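Colleague: mind looking at a prediction? Sequence and model below.
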Amino acid sequence: MMKRHLLLWILRPALSGSLLLAVLALMWVLFESDPLWETPVLPAILIFLHTFLTTATIYWAWGRAGSFAYVQTRGHLPETLWRHRLGAGYLTAAIVWLPAAIVVLSPCRSWLQGEVFQNPYYPIMHARDVVEVGRWFLLYLVTVPAAHYAWIRQAQPCRFPGTGHWLLAGLPVLLYTWYRCLHAPLLEQTLYAGSAILLTLILSILFLLGGRRLSQSMELSQS
Amino acid sequence: MLNADHVSRMFGNVPVLTDVSLSFQTGEITALLGPNGSGKSTLFRVMAGVLEPSSGCVHWDVSKSVASAVASMIDGWEPPRWATARRLLDLQSEVPFGFDRSYAEKLLCSQEIPLTKRYGALSKGQRRWVCASLTLATRASCLLLDEPADGLDPRARKKLYDAIRDVVNERECAAVVATHILPDIGRVADAMAILQRGRLVMHESLERLREELCEVEMARGCPLPENLVPHVLGHTPRACGDAYVVRHCGGLDEVREALSSKDRVQRLTIDALYQSLTESEMVLAA
């Protein structure tokens, strides 16, 4: 299904930026004194920046340099390349947030804040921090396919030129609103949380299907 | 068999390929020739499936998609400089149509290219050899090689063309080689296609061309015999008279019979044919 060397090849240009952001995310979860669910803006900004920069690097920087063109001419189907680009996007998300998530879940953060920094919120707030980790990954579930869809869309000649750029500009607003909705008090209840997860999955699948369809006819010169 | 049916390609309002129809047979090497900017690389990119034709289509037989049948080495689209030969072999080993890694290593070894050396640290000729080796070792049904011998020394060039011939014979695949090095074509190609200003001006078997094509030199002011006029492909004015490229199914002997003893007629070399077809007034007018 996934070809290891192709995936690593595509991932490579986005790797150094992701590692840098991983350190930032790690520092933030270790030293943020407020409970994580009370400071949702910073991770949202980090996730948006990371997703869109990674997507831009994978599609634009490599395409212009000609090296990605080399990969494209190896004989892989457009669908295979799209799948691996998307895989690389998810992998960078894991690189940035998995160490931070492990620190929260382990619970290193709770211990550091409670025992070392004598933070009165901890370890009581540990359980709510764990939920916040789930929200980051839920957001990634939508931002990665959305960014890929928007990028391919802006590279395609279509009936309404420029819609891709509007999408690229409008998606962060839409997705941030969605992310804030995930913090609504109602979502403490299982029924609402379940519906939110279901809606996230539907949104994600829609972007995946759209991106896959568009990538079939994507031209190298425009990527 | 790789087919291009009435392929046209525009970049903005500029036509780069116009109504090109070609088919490449398995077991055959076709040389694709043409002056710079004639559309060879664009045709390669369309055939490799990375550029969409503005009209027309490219297909492999009837069922297979082009991307899963064609391995290409396209000029200007090279591996990144940081990649070692080993990494390139790893990447190539995942292509859908299969890859003969030991053959690729053998080809690299024959030019003493170490697998651990970065692509950027190799010489121009060695880089070409690496790209050509990776393409030749794939088990694709069609190989597209854009300027594969560019920068290679004569010994390496001969080795490369021998390898292309071996691969085409053994694997029964089709190969298309774009090149400006005309003497190589006579040695390796079975057929020749010439592009001029985005149009296909000739696609023929080389053997047939050798038999049927000749150059007729007429003294100044002497018209060409009327029965030869329909067979003229090109015309180049020269200092001493006019030179015509004539194609006659009867070959050199029948052309000679139609001419007087003072007119000169000779077989065409590939070089002369190429010059005539890309420079002569008739082709340019067309």
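Modeller: Structure's in. What do you need? All values reported here derive from a predicted model rather than from experimental measurement.
Colleague: so B:W60 sits right up against B:A4, yeah?
Modeller: No - counting by C-beta atoms under 8 Å, no contact exists between B:W60 and B:A4, whose distance comes to 10.7 Å. Every C-beta, even on glycine, is put in place using the N, C-alpha and C of the backbone.
Colleague: from chain B, how far out is the residue minimising distance to the centre of chain A?
Modeller: Closest to where the C-alpha atoms of chain A average out (C-alpha atoms, centre = their mean) is A:Y140, at 3.4 Å. Distance from A:Y140 to chain B, counting by C-beta to the nearest C-beta, to the nearest Å: 26 Å.
Colleague: once you drop chain neighbours, what's closest to that residue?
Modeller: A:A93 (4.4 Å; C-beta to C-beta, 6 or more residues apart in numbering or on different chains).
Colleague: per-residue pLDDT of that neighbour, please?
Modeller: pLDDT for A:A93: 93.
Colleague: got it, and B:L224?
Modeller: pLDDT at B:L224 comes out at 81.
Colleague: ok, back up a step: confirm that the residue nearest to A:Y140 sits in a strand.
Modeller: No - the assignment for A:A93, made by DSSP: H, G, I helix; E, B strand; the rest coil, is helix rather than a strand.
Colleague: for chain B, which residues are neighbours of chain A?
Modeller: B:45, B:48, B:50-52, B:65, B:67-68, B:70-74, B:76-80, B:87, B:90-97, B:138, B:140 (C-beta under 8 Å from any C-beta of the partner chain).
Colleague: show the buried residues in the residues you listed.
Modeller: With neighbours counted by 16 or more other C-beta atoms under 10 Å in any protein chain shown, those contain buried members at B:45, B:48, B:50-52, B:67-68, B:70-74, B:77-80, B:87, B:90-97, B:138, B:140.
Colleague: find the least confident helix or strand in the chain, judged by mean pLDDT.
Modeller: Picked chain A for this. helix A:62-65 (a mean of 56; mean pLDDT, DSSP states H and E).
Colleague: residue contacts, the residue nearest to the centre of chain A?
Modeller: Contacts for A:Y140 were tallied using C-beta atoms under 8 Å, 6 or more residues apart in numbering or on different chains; they are A:I47, A:T51, A:Y90, A:A93, A:W97.
Colleague: isn't the fourth one up against A:P145?
Modeller: Right, the one you point to is A:A93. No - using C-beta under 8 Å as the test, A:A93 is too far from A:P145 to be in contact (11.5 Å).
Colleague: low-confidence stretches in chain B?
Modeller: B:61-68, B:279-286 (pLDDT under 70).
Colleague: please enumerate the strands of it.
Modeller: B:2-11, B:14-24, B:29-33, B:55-60, B:70-73, B:142-146, B:174-178, B:191-196, B:199-205, B:213-219, B:232-237, B:241-247, B:264-267 (DSSP state E).
Colleague: as a markdown table, the ones you listed with distance to A:L203 would be great.
Modeller: Shown next, in a markdown table, are these (distance: least, C-beta to C-beta, whole Å):
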| stretch | distance to A:L203 |
| --- | --- |
| strand B:2-11 | 37 |
| strand B:14-24 | 41 |
| strand B:29-33 | 48 |
| strand B:55-60 | 36 |
| strand B:70-73 | 37 |
| strand B:142-146 | 41 |
| strand B:174-178 | 45 |
| strand B:191-196 | 48 |
| strand B:199-205 | 49 |
| strand B:213-219 | 65 |
| strand B:232-237 | 62 |
| strand B:241-247 | 64 |
| strand B:264-267 | 70 |
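Colleague: so what's the spatially most central residue of chain B closest to, chain neighbours aside?
Modeller: In chain B, the residue lying closest to the centroid (C-alpha atoms, centre = their mean) is B:L32, at 2.0 Å. Among residues not flanking B:L32 along the chain, B:A178 sits closest, at 4.3 Å (C-beta to C-beta, 6+ apart).
Colleague: tell me what the top helix by length along chain B is packed against?
Modeller: When chain B is parsed with DSSP state H, its longest helix is helix B:154-171. On a contact count with 3 or more C-beta pairs under 8 Å, 6 or more residues apart in numbering or on different chains; DSSP states H and E, helix B:154-171 meets strand B:29-33, helix B:124-136, strand B:142-146, strand B:174-178, helix B:182-188.
Colleague: which one of the ones you listed lies nearest to A:R109?
Modeller: helix B:124-136 (47.9 Å; C-beta to C-beta).
Colleague: other residues contacting that closest one?
Modeller: B:71-73, B:78-79, B:85, B:88-89, B:92, B:103-104, B:107-108, B:111, B:113, B:119, B:122, B:143-145, B:147-153, B:156, B:160, B:163-164, B:167.
Colleague: now which of those residues would you call buried?
Modeller: Of the contacts of helix B:124-136, these count as buried by 16+ other C-beta under 10 Å: B:71-73, B:78-79, B:85, B:88-89, B:92, B:103-104, B:107-108, B:111, B:113, B:119, B:122, B:143-145, B:147-150, B:152, B:156, B:160, B:163-164, B:167.
Colleague: tell me the buried residues in the biggest helix by length in chain A?
Modeller: When every helix of chain A is counted residue by residue (DSSP H), the longest turns out to be helix A:126-155. Neighbour-count burial for helix A:126-155 flags A:126, A:129-130, A:132-133, A:135-155 (criterion: 16+ other C-beta under 10 Å).
Colleague: any idea of the mean pLDDT for that helix?
Modeller: Helix A:126-155 comes out with an average pLDDT of 86.
Colleague: any idea of the angle the helix or strand immediately after that helix in the chain forms with helix A:126-155?
Modeller: For helix A:126-155, the following helix or strand on the C-terminal side (DSSP states H and E) is helix A:163-181. Put simply, helix A:163-181 runs at 170 degrees to helix A:126-155, going by axes from the mean of the first three to the mean of the last three C-alpha atoms, to 10 degrees.
Colleague: B:G12: how many residues sit nearby?
Modeller: Look at B:G12: counted by other C-beta atoms under 10 Å in any protein chain shown, it has 6 neighbours.
Colleague: tell me the phi and psi of it?
Modeller: When read as degrees, to the nearest 10, the backbone of B:G12 gives phi 70, psi -120.
Colleague: any idea how far A:L7 is from chain B?
Modeller: As judged by C-beta to the nearest C-beta, A:L7 and chain B stand 10 Å apart.
Colleague: now that residue: how far from B:S23?
Modeller: Note on A:L7: its distance to B:S23, by C-beta to C-beta, to the nearest Å, is 36 Å.
Colleague: check contacts around the residue nearest to A:Y140.
Modeller: Counted by C-beta under 8 Å, 6+ apart, A:A93 has contacts A:I47, A:H50, A:T51, A:F137, A:Y140, A:V144.
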